[in-house]
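A.B. asks: Mind looking at a prediction? Sequence and model below.
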Amino acid sequence: MLAISELPRLAATHDGAVHCAAMESLSQPERIASSVHRSRRLAWLGAISVFAAALVLCTSLTAGPAAQPACAVAKGLIDHRLESTTSAAERAALIKQIGPQLGARWVRLTVNWRLLEPTRGAYDPVRVKRLDELVDGLHARGVRVILTTCYLPAWATDKYWWSHPPAGYAQGYQPFYPIRAGALSDYARLGKYLARHFKGRVQALECWNEPNLWPYLFPQRTPADPFYAARTYLRMLRAFHTGVKRAHTSVKIVAGATAPIGLNDRYRTSPQRFAGFLKRHGAARLFDAYSHHPYAPGGSMYPAPDQPPNDRSTTVTLYNLRTLLRLFPSKPFYLTEYGYNTHPSRKFGGFTVSNTVQARYLRRAYSYAARYRQVKMLLWFRLYDTRPSNGPADSGVYSGLREAGGARKPAWNAFARLGR
(Lines give C-alpha, C1' and ligand atoms only; values in the text may rest on other atoms or scores of the structure.)
Protein backbone atom coordinates (compact mmCIF):
# COMPACT_ATOMS: atom_id res chain seq x y z
CA MET A 1 0.00 0.00 0.00
CA LEU A 2 0.98 3.58 -0.45
CA ALA A 3 0.63 5.69 2.63
CA ILE A 4 3.31 5.57 5.33
CA SER A 5 0.51 5.56 7.88
CA GLU A 6 -0.48 2.06 6.89
CA LEU A 7 0.01 -0.86 9.25
CA PRO A 8 -0.16 -4.60 8.68
CA ARG A 9 -2.48 -5.81 5.95
CA LEU A 10 -2.56 -8.34 3.19
CA ALA A 11 -1.28 -10.44 1.22
CA ALA A 12 -0.36 -15.36 -6.13
CA THR A 13 3.00 -17.33 -11.76
CA HIS A 14 2.47 -16.89 -15.00
CA ASP A 15 -0.45 -18.45 -16.78
CA GLY A 16 -2.39 -16.74 -19.52
CA ALA A 17 -5.81 -15.55 -18.52
CA VAL A 18 -5.86 -12.24 -20.34
CA HIS A 19 -4.69 -12.73 -23.86
CA CYS A 20 -3.25 -9.92 -25.90
CA ALA A 21 -3.49 -9.84 -29.66
CA ALA A 22 -0.81 -12.15 -30.99
CA MET A 23 0.32 -11.87 -34.56
CA GLU A 24 -0.42 -15.00 -36.51
CA SER A 25 2.32 -16.03 -38.90
CA LEU A 26 1.33 -15.35 -42.47
CA SER A 27 1.34 -18.37 -44.75
CA GLN A 28 3.51 -18.16 -47.87
CA PRO A 29 1.61 -17.96 -51.19
CA GLU A 30 1.70 -20.94 -53.44
CA ARG A 31 4.32 -20.90 -56.18
CA ILE A 32 3.13 -19.42 -59.42
CA ALA A 33 4.39 -21.66 -62.12
CA SER A 34 3.26 -19.54 -65.01
CA SER A 35 5.07 -16.29 -65.75
CA VAL A 36 1.69 -14.86 -66.71
CA HIS A 37 0.72 -14.87 -63.03
CA ARG A 38 4.05 -13.57 -61.77
CA SER A 39 3.01 -9.94 -61.70
CA ARG A 40 -0.16 -10.83 -59.77
CA ARG A 41 1.92 -12.71 -57.24
CA LEU A 42 4.28 -9.79 -56.75
CA ALA A 43 1.38 -7.42 -56.38
CA TRP A 44 -0.22 -9.73 -53.78
CA LEU A 45 3.03 -9.99 -51.85
CA GLY A 46 3.31 -6.23 -51.94
CA ALA A 47 -0.14 -5.94 -50.43
CA ILE A 48 0.86 -8.41 -47.73
CA SER A 49 3.92 -6.32 -46.95
CA VAL A 50 1.86 -3.17 -46.69
CA PHE A 51 -0.61 -4.95 -44.39
CA ALA A 52 2.15 -6.36 -42.21
CA ALA A 53 3.83 -2.97 -41.96
CA ALA A 54 0.54 -1.39 -40.96
CA LEU A 55 -0.01 -4.10 -38.35
CA VAL A 56 3.45 -3.55 -36.89
CA LEU A 57 2.84 0.19 -36.82
CA CYS A 58 -0.50 -0.31 -35.11
CA THR A 59 1.10 -2.60 -32.52
CA SER A 60 3.89 -0.13 -31.84
CA LEU A 61 1.43 2.71 -31.40
CA THR A 62 -0.59 0.65 -28.96
CA ALA A 63 2.41 -0.60 -27.04
CA GLY A 64 4.29 2.66 -26.77
CA PRO A 65 7.79 3.58 -27.93
CA ALA A 66 9.82 0.98 -26.06
CA ALA A 67 7.21 -1.69 -25.38
CA GLN A 68 7.48 -5.24 -26.63
CA PRO A 69 4.54 -7.43 -27.63
CA ALA A 70 3.35 -9.69 -24.85
CA CYS A 71 1.61 -13.04 -24.90
CA ALA A 72 -0.52 -13.08 -21.78
CA VAL A 73 -1.12 -11.44 -18.43
CA ALA A 74 -2.85 -13.69 -15.93
CA LYS A 75 -5.53 -12.11 -13.78
CA GLY A 76 -5.84 -12.69 -10.08
CA LEU A 77 -7.25 -11.37 -6.80
CA ILE A 78 -6.40 -10.61 -3.20
CA ASP A 79 -8.87 -10.42 -0.35
CA HIS A 80 -8.24 -10.48 3.41
CA ARG A 81 -11.54 -12.20 4.01
CA LEU A 82 -10.03 -15.43 2.80
CA GLU A 83 -7.47 -15.47 5.61
CA SER A 84 -9.59 -13.83 8.30
CA THR A 85 -12.80 -15.82 8.12
CA THR A 86 -13.21 -18.84 10.36
CA SER A 87 -16.31 -19.98 8.47
CA ALA A 88 -15.78 -22.84 6.03
CA ALA A 89 -19.00 -21.86 4.24
CA GLU A 90 -17.82 -18.27 3.77
CA ARG A 91 -14.43 -19.47 2.49
CA ALA A 92 -16.16 -21.74 -0.02
CA ALA A 93 -18.39 -18.89 -1.19
CA LEU A 94 -15.39 -16.59 -1.66
CA ILE A 95 -13.48 -19.23 -3.59
CA LYS A 96 -16.49 -19.85 -5.83
CA GLN A 97 -16.60 -16.15 -6.69
CA ILE A 98 -12.88 -15.96 -7.34
CA GLY A 99 -12.64 -19.03 -9.53
CA PRO A 100 -15.81 -20.04 -11.40
CA GLN A 101 -17.57 -16.66 -11.39
CA LEU A 102 -14.71 -14.22 -11.99
CA GLY A 103 -12.27 -16.55 -13.70
CA ALA A 104 -9.28 -15.48 -11.62
CA ARG A 105 -6.23 -17.63 -12.25
CA TRP A 106 -4.25 -16.58 -9.16
CA VAL A 107 -4.81 -15.68 -5.52
CA ARG A 108 -2.23 -14.17 -3.18
CA LEU A 109 -2.43 -15.18 0.48
CA THR A 110 -0.46 -13.84 3.43
CA VAL A 111 1.49 -16.08 5.76
CA ASN A 112 1.70 -13.99 8.92
CA TRP A 113 4.87 -15.34 10.48
CA ARG A 114 4.11 -13.59 13.77
CA LEU A 115 0.88 -15.58 14.12
CA LEU A 116 2.07 -18.78 12.48
CA GLU A 117 5.06 -19.18 14.81
CA PRO A 118 4.42 -17.14 17.96
CA THR A 119 6.76 -19.44 19.85
CA ARG A 120 10.06 -20.27 18.22
CA GLY A 121 10.07 -23.71 16.66
CA ALA A 122 6.32 -24.39 16.90
CA TYR A 123 3.88 -23.62 14.07
CA ASP A 124 0.31 -22.96 15.19
CA PRO A 125 -1.73 -26.01 14.04
CA VAL A 126 -4.94 -23.96 13.79
CA ARG A 127 -3.31 -21.48 11.39
CA VAL A 128 -1.72 -24.28 9.38
CA LYS A 129 -5.07 -26.03 9.08
CA ARG A 130 -6.77 -22.83 7.90
CA LEU A 131 -4.09 -22.28 5.26
CA ASP A 132 -4.44 -25.90 4.16
CA GLU A 133 -8.19 -25.50 3.72
CA LEU A 134 -7.75 -22.29 1.73
CA VAL A 135 -5.07 -23.69 -0.53
CA ASP A 136 -6.94 -26.95 -1.10
CA GLY A 137 -10.18 -25.11 -1.89
CA LEU A 138 -8.47 -22.82 -4.40
CA HIS A 139 -6.53 -25.71 -5.92
CA ALA A 140 -9.74 -27.67 -6.43
CA ARG A 141 -11.18 -24.71 -8.37
CA GLY A 142 -8.13 -24.45 -10.61
CA VAL A 143 -6.81 -21.29 -8.96
CA ARG A 144 -3.07 -21.03 -8.39
CA VAL A 145 -1.61 -19.62 -5.19
CA ILE A 146 1.18 -17.30 -4.10
CA LEU A 147 2.00 -17.31 -0.40
CA THR A 148 3.57 -14.07 0.87
CA THR A 149 5.50 -14.14 4.12
CA CYS A 150 5.20 -11.09 6.34
CA TYR A 151 5.46 -9.70 9.91
CA LEU A 152 8.20 -10.80 12.28
CA PRO A 153 7.41 -12.58 15.55
CA ALA A 154 8.79 -10.84 18.63
CA TRP A 155 11.45 -13.49 19.21
CA ALA A 156 12.88 -12.94 15.72
CA THR A 157 13.29 -9.16 15.85
CA ASP A 158 16.40 -7.14 16.64
CA LYS A 159 15.57 -5.80 20.10
CA TYR A 160 17.81 -2.79 19.66
CA TRP A 161 14.99 -1.17 17.70
CA TRP A 162 12.47 -1.76 20.47
CA SER A 163 14.09 1.26 22.15
CA HIS A 164 14.29 3.30 18.92
CA PRO A 165 10.73 3.30 17.54
CA PRO A 166 9.41 5.40 14.66
CA ALA A 167 7.70 8.67 15.52
CA GLY A 168 4.44 8.15 17.36
CA TYR A 169 5.20 4.65 18.62
CA ALA A 170 5.94 3.59 22.18
CA GLN A 171 8.98 1.54 23.01
CA GLY A 172 8.59 -2.21 22.69
CA TYR A 173 8.02 -4.87 20.05
CA GLN A 174 6.60 -4.13 16.63
CA PRO A 175 6.30 -6.68 13.79
CA PHE A 176 8.07 -4.33 11.36
CA TYR A 177 11.39 -4.23 13.21
CA PRO A 178 14.29 -5.89 11.36
CA ILE A 179 15.21 -9.51 11.82
CA ARG A 180 18.07 -10.31 14.16
CA ALA A 181 21.00 -12.20 12.68
CA GLY A 182 20.32 -15.27 14.82
CA ALA A 183 16.80 -15.66 13.39
CA LEU A 184 17.82 -15.81 9.72
CA SER A 185 18.13 -19.58 10.04
CA ASP A 186 14.56 -19.63 11.35
CA TYR A 187 13.39 -17.73 8.30
CA ALA A 188 15.18 -20.29 6.14
CA ARG A 189 13.37 -23.01 8.07
CA LEU A 190 10.07 -21.27 7.38
CA GLY A 191 10.82 -21.19 3.66
CA LYS A 192 11.65 -24.89 3.67
CA TYR A 193 8.51 -25.71 5.63
CA LEU A 194 6.20 -23.79 3.31
CA ALA A 195 7.78 -25.26 0.18
CA ARG A 196 7.59 -28.81 1.50
CA HIS A 197 4.22 -28.63 3.25
CA PHE A 198 2.44 -27.10 0.23
CA LYS A 199 4.35 -29.06 -2.41
CA GLY A 200 2.26 -29.32 -5.57
CA ARG A 201 -0.46 -27.06 -4.14
CA VAL A 202 1.28 -23.67 -4.04
CA GLN A 203 3.09 -22.39 -7.10
CA ALA A 204 5.06 -19.45 -5.68
CA LEU A 205 6.47 -18.16 -2.40
CA GLU A 206 7.01 -14.41 -2.09
CA CYS A 207 9.75 -13.17 0.22
CA TRP A 208 8.09 -10.47 2.35
CA ASN A 209 5.65 -7.71 1.46
CA GLU A 210 6.63 -4.14 0.55
CA PRO A 211 10.04 -4.22 2.25
CA ASN A 212 10.69 -0.70 0.95
CA LEU A 213 8.06 0.71 3.35
CA TRP A 214 8.45 1.15 7.09
CA PRO A 215 5.26 -0.69 8.16
CA TYR A 216 6.97 -3.85 6.90
CA LEU A 217 10.63 -3.07 7.54
CA PHE A 218 11.82 -0.24 9.79
CA PRO A 219 14.00 1.71 9.53
CA GLN A 220 14.63 2.06 5.83
CA ARG A 221 17.93 3.83 6.39
CA THR A 222 20.23 4.78 9.26
CA PRO A 223 22.93 7.45 9.61
CA ALA A 224 25.53 4.74 9.02
CA ASP A 225 23.75 2.86 6.21
CA PRO A 226 21.58 4.58 3.58
CA PHE A 227 20.59 1.11 2.29
CA TYR A 228 19.77 -0.44 5.66
CA ALA A 229 16.39 -1.92 4.71
CA ALA A 230 17.55 -3.18 1.32
CA ARG A 231 20.61 -4.77 2.93
CA THR A 232 18.47 -6.40 5.61
CA TYR A 233 16.07 -7.67 2.96
CA LEU A 234 18.94 -9.15 0.94
CA ARG A 235 19.98 -11.18 4.00
CA MET A 236 16.42 -12.39 4.39
CA LEU A 237 16.18 -13.29 0.72
CA ARG A 238 19.40 -15.32 0.92
CA ALA A 239 18.05 -17.22 3.92
CA PHE A 240 14.64 -17.75 2.32
CA HIS A 241 16.22 -19.00 -0.91
CA THR A 242 18.40 -21.45 1.03
CA GLY A 243 15.43 -22.83 2.92
CA VAL A 244 13.12 -23.18 -0.07
CA LYS A 245 15.80 -24.93 -2.12
CA ARG A 246 16.37 -27.44 0.68
CA ALA A 247 12.79 -28.64 0.18
CA HIS A 248 13.61 -29.78 -3.39
CA THR A 249 10.32 -28.72 -4.96
CA SER A 250 9.43 -26.80 -8.12
CA VAL A 251 7.88 -23.85 -6.26
CA LYS A 252 9.00 -20.45 -7.54
CA ILE A 253 10.74 -17.88 -5.32
CA VAL A 254 9.47 -14.34 -5.81
CA ALA A 255 11.45 -11.32 -4.58
CA GLY A 256 10.62 -7.64 -4.32
CA ALA A 257 6.90 -7.03 -3.73
CA THR A 258 7.86 -3.38 -3.59
CA ALA A 259 5.44 -0.51 -3.06
CA PRO A 260 5.32 2.04 -5.90
CA ILE A 261 6.77 5.05 -4.12
CA GLY A 262 9.51 6.03 -1.70
CA LEU A 263 11.23 9.26 -0.69
CA ASN A 264 14.50 7.52 0.26
CA ASP A 265 14.25 8.60 3.87
CA ARG A 266 13.91 6.72 7.15
CA TYR A 267 10.43 5.54 6.23
CA ARG A 268 10.33 4.78 2.52
CA THR A 269 12.77 3.73 -0.18
CA SER A 270 11.96 4.23 -3.85
CA PRO A 271 11.36 0.92 -5.67
CA GLN A 272 14.08 1.68 -8.24
CA ARG A 273 16.66 2.41 -5.52
CA PHE A 274 15.66 -0.75 -3.63
CA ALA A 275 15.79 -2.97 -6.73
CA GLY A 276 19.02 -1.34 -7.86
CA PHE A 277 20.71 -2.32 -4.61
CA LEU A 278 19.57 -5.92 -5.05
CA LYS A 279 20.83 -5.91 -8.64
CA ARG A 280 24.28 -4.62 -7.69
CA HIS A 281 24.66 -7.27 -5.01
CA GLY A 282 23.83 -10.25 -7.20
CA ALA A 283 20.37 -10.98 -5.84
CA ALA A 284 19.06 -12.18 -9.22
CA ARG A 285 20.42 -15.66 -8.57
CA LEU A 286 18.23 -15.87 -5.46
CA PHE A 287 14.80 -15.61 -7.10
CA ASP A 288 12.79 -16.85 -10.07
CA ALA A 289 10.56 -13.80 -10.51
CA TYR A 290 10.44 -10.20 -9.30
CA SER A 291 7.25 -8.57 -8.03
CA HIS A 292 6.05 -5.00 -7.71
CA HIS A 293 2.89 -3.08 -6.77
CA PRO A 294 2.49 -0.44 -9.51
CA TYR A 295 -0.34 1.55 -7.91
CA ALA A 296 -0.81 5.06 -9.30
CA PRO A 297 -0.23 7.41 -6.34
CA GLY A 298 -2.52 10.42 -6.27
CA GLY A 299 -1.55 14.05 -6.65
CA SER A 300 -3.76 16.76 -8.03
CA MET A 301 -5.68 13.84 -9.52
CA TYR A 302 -5.63 10.04 -9.57
CA PRO A 303 -3.53 9.17 -12.66
CA ALA A 304 -4.84 6.58 -15.09
CA PRO A 305 -2.80 3.40 -15.60
CA ASP A 306 -1.31 4.76 -18.82
CA GLN A 307 -0.41 8.17 -17.38
CA PRO A 308 2.99 9.07 -15.88
CA PRO A 309 3.43 9.41 -12.11
CA ASN A 310 4.03 12.84 -10.61
CA ASP A 311 7.66 12.02 -9.84
CA ARG A 312 9.30 9.33 -11.95
CA SER A 313 12.49 9.49 -9.87
CA THR A 314 10.78 8.11 -6.77
CA THR A 315 7.76 6.25 -8.20
CA VAL A 316 7.26 3.24 -10.47
CA THR A 317 3.76 2.70 -11.85
CA LEU A 318 2.53 0.76 -14.86
CA TYR A 319 3.54 3.71 -17.01
CA ASN A 320 7.27 3.55 -16.20
CA LEU A 321 7.51 -0.08 -15.14
CA ARG A 322 10.40 -0.55 -17.55
CA THR A 323 12.52 1.23 -14.92
CA LEU A 324 12.44 -2.05 -12.98
CA LEU A 325 12.15 -4.48 -15.89
CA ARG A 326 15.51 -3.44 -17.30
CA LEU A 327 17.24 -4.18 -13.98
CA PHE A 328 16.26 -7.86 -14.25
CA PRO A 329 15.71 -8.35 -17.99
CA SER A 330 15.71 -12.15 -17.83
CA LYS A 331 13.18 -12.42 -14.99
CA PRO A 332 9.38 -12.70 -15.18
CA PHE A 333 7.56 -9.92 -13.32
CA TYR A 334 4.51 -10.47 -11.14
CA LEU A 335 2.42 -7.43 -10.28
CA THR A 336 1.07 -8.78 -7.01
CA GLU A 337 -1.09 -5.78 -5.98
CA TYR A 338 -3.00 -3.14 -7.91
CA GLY A 339 -6.23 -1.18 -7.66
CA TYR A 340 -8.16 2.10 -7.46
CA ASN A 341 -10.30 3.26 -4.55
CA THR A 342 -13.86 4.47 -5.07
CA HIS A 343 -14.06 6.18 -1.65
CA PRO A 344 -11.36 8.07 0.26
CA SER A 345 -8.83 5.81 1.99
CA ARG A 346 -6.01 7.24 4.06
CA LYS A 347 -3.96 4.16 3.26
CA PHE A 348 -3.96 5.23 -0.38
CA GLY A 349 -3.58 8.96 0.13
CA GLY A 350 -7.32 9.70 0.08
CA PHE A 351 -7.63 9.87 -3.72
CA THR A 352 -10.65 8.32 -5.40
CA VAL A 353 -12.30 7.59 -8.72
CA SER A 354 -15.94 6.91 -9.53
CA ASN A 355 -17.23 3.34 -9.87
CA THR A 356 -17.41 3.79 -13.64
CA VAL A 357 -13.85 5.08 -13.89
CA GLN A 358 -12.60 2.25 -11.66
CA ALA A 359 -13.96 -0.29 -14.14
CA ARG A 360 -12.46 1.60 -17.06
CA TYR A 361 -9.06 1.83 -15.34
CA LEU A 362 -9.17 -1.88 -14.52
CA ARG A 363 -9.57 -2.80 -18.19
CA ARG A 364 -6.93 -0.29 -19.18
CA ALA A 365 -4.47 -1.60 -16.57
CA TYR A 366 -4.61 -5.17 -17.85
CA SER A 367 -4.30 -3.97 -21.43
CA TYR A 368 -1.36 -1.74 -20.56
CA ALA A 369 0.41 -4.43 -18.51
CA ALA A 370 0.24 -6.75 -21.54
CA ARG A 371 2.57 -4.38 -23.39
CA TYR A 372 5.48 -5.70 -21.36
CA ARG A 373 6.74 -9.12 -22.34
CA GLN A 374 8.17 -9.80 -18.87
CA VAL A 375 4.89 -9.16 -17.04
CA LYS A 376 3.09 -12.43 -16.46
CA MET A 377 0.35 -11.53 -13.99
CA LEU A 378 -1.57 -8.67 -12.37
CA LEU A 379 -3.51 -9.11 -9.13
CA TRP A 380 -6.37 -6.79 -8.22
CA PHE A 381 -6.60 -5.61 -4.61
CA ARG A 382 -9.41 -6.54 -3.51
CA LEU A 383 -12.58 -8.57 -4.05
CA TYR A 384 -14.58 -6.67 -1.38
CA ASP A 385 -14.25 -3.18 0.05
CA THR A 386 -13.38 -3.02 3.72
CA ARG A 387 -15.33 -0.49 5.76
CA PRO A 388 -14.45 -0.25 9.48
CA SER A 389 -17.25 -1.14 11.87
CA ASN A 390 -16.14 1.71 14.11
CA GLY A 391 -13.76 4.54 13.51
CA PRO A 392 -13.45 6.91 10.56
CA ALA A 393 -14.65 5.67 7.18
CA ASP A 394 -11.42 6.73 5.51
CA SER A 395 -9.51 4.11 7.49
CA GLY A 396 -11.04 1.46 5.22
CA VAL A 397 -10.03 0.22 1.77
CA TYR A 398 -12.37 0.72 -1.19
CA SER A 399 -10.59 -0.79 -4.18
CA GLY A 400 -12.81 -3.88 -4.20
CA LEU A 401 -14.85 -5.24 -7.08
CA ARG A 402 -17.76 -5.29 -4.63
CA GLU A 403 -18.84 -2.90 -1.91
CA ALA A 404 -18.41 -3.99 1.68
CA GLY A 405 -22.11 -4.89 1.82
CA GLY A 406 -21.82 -7.07 -1.26
CA ALA A 407 -23.19 -4.90 -4.08
CA ARG A 408 -21.27 -5.41 -7.29
CA LYS A 409 -19.45 -2.45 -8.80
CA PRO A 410 -19.02 -2.13 -12.57
CA ALA A 411 -15.44 -3.34 -12.02
CA TRP A 412 -16.84 -6.80 -11.18
CA ASN A 413 -18.13 -7.32 -14.72
CA ALA A 414 -15.03 -5.69 -16.20
CA PHE A 415 -12.81 -8.16 -14.37
CA ALA A 416 -15.03 -11.15 -15.15
CA ARG A 417 -14.94 -10.41 -18.89
CA LEU A 418 -11.17 -10.15 -19.10
CA GLY A 419 -9.86 -12.93 -21.31
CA ARG A 420 -13.30 -14.32 -22.08
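C.D. replies: Yep, that arrived. Everything numeric here is computed off the predicted structure, so don't read it as measured data.

A.B. asks: Which secondary structure elements does the one helix or strand Val135 maps to sit against?
C.D. replies: Remark: Val135 resides in helix 125-140, with elements defined by DSSP states H and E. Applying 3 or more Cβ pairs under 8 Å, 6 or more residues apart in numbering; DSSP states H and E, we find helix 125-140 packed against helix 80-84, helix 88-96, strand 106-112, helix 113-116, strand 144-150. Using the backbone N, CA and C atoms, a C-beta is placed for each residue, glycine as well.

A.B. asks: Export those to a markdown table and append columns for distance to Val316.
C.D. replies: Below are the helices and strands packed on helix 125-140 laid out as a markdown table (distance: least, Cβ to Cβ, whole Å):
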| stretch | distance to Val316 |
| --- | --- |
| helix 80-84 | 25 |
| helix 88-96 | 31 |
| strand 106-112 | 19 |
| helix 113-116 | 27 |
| strand 144-150 | 19 |
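
A.B. asks: Relative to Trp162, which of those is closest?
C.D. replies: helix 113-116 (14.7 Å; Cβ to Cβ).

A.B. asks: what helices or strands is the closest one leaning on?
C.D. replies: Counting contacts by 3+ Cβ pairs under 8 Å, 6+ apart, helix 113-116 packs against helix 125-140, helix 184-197.

A.B. asks: who wins for proximity to Tyr361 among those?
C.D. replies: helix 125-140 (26.4 Å).

A.B. asks: How about residues contacting the closest one?
C.D. replies: Residues outside helix 125-140 that contact it (Cβ atoms under 8 Å, 6 or more residues apart in numbering) are 82-83, 86, 88, 91-92, 95, 98-99, 107, 109, 111-112, 115-116, 144-145, 147, 197-198, 201-202.

A.B. asks: Are any of the residues you listed buried, and if so which?
C.D. replies: 82-83, 91, 95, 98-99, 107, 109, 111-112, 116, 144-145, 147, 197-198, 201-202 (16 or more other Cβ atoms under 10 Å).

A.B. asks: which parts of stretch 97-107 are buried?
C.D. replies: Applying 16+ other Cβ under 10 Å to stretch 97-107 flags 97-99, 102-107 as buried.

A.B. asks: what's the answer for stretch 318-337, then?
C.D. replies: Neighbour-count burial for stretch 318-337, counted by 16+ other Cβ under 10 Å, picks out 318-325, 327-328, 331-337.

A.B. asks: Now go through those residues and say which are in helices.
C.D. replies: Counting by DSSP state H, the members of the buried residues of stretch 318-337 that fall within helices are 322-325.

A.B. asks: which one of those residues sits closest to Ile179?
C.D. replies: Leu324 (24.4 Å).

A.B. asks: That closest one contacts Ser270, doesn't it?
C.D. replies: No - under the criterion of Cβ atoms under 8 Å, Leu324 lies out of contact with Ser270, with a separation of 10.6 Å.

A.B. asks: Common neighbours of those two, please.
C.D. replies: What both Leu324 and Ser270 touch, as defined by Cβ under 8 Å, 6+ apart, is the set Val316.

A.B. asks: Report the contact partners of the residue positioned nearest the centre of the chain.
C.D. replies: By Cα atoms, centre = their mean, the chain has its centre lying nearest to Thr336, at 1.1 Å. The contact partners of Thr336, taken as Cβ under 8 Å, 6+ apart, are 12, 78, 108, 146, 148, 206, 254, 257, 291-293, 377, 379.

A.B. asks: same question, Val254
C.D. replies: By Cβ under 8 Å, 6+ apart, Val254 lies in contact with 13, 146, 204-207, 287-291, 334, 336.

A.B. asks: Filter those residues down to just the ones in strands.
C.D. replies: Of these, the ones assigned to strands by DSSP state E are 146, 204-206, 289-291, 334.

A.B. asks: which among the residues you listed gets closest to Gly276?
C.D. replies: Sorting these by how near they are to Gly276, with Cβ to Cβ, puts Tyr290 at the top with 12.2 Å.
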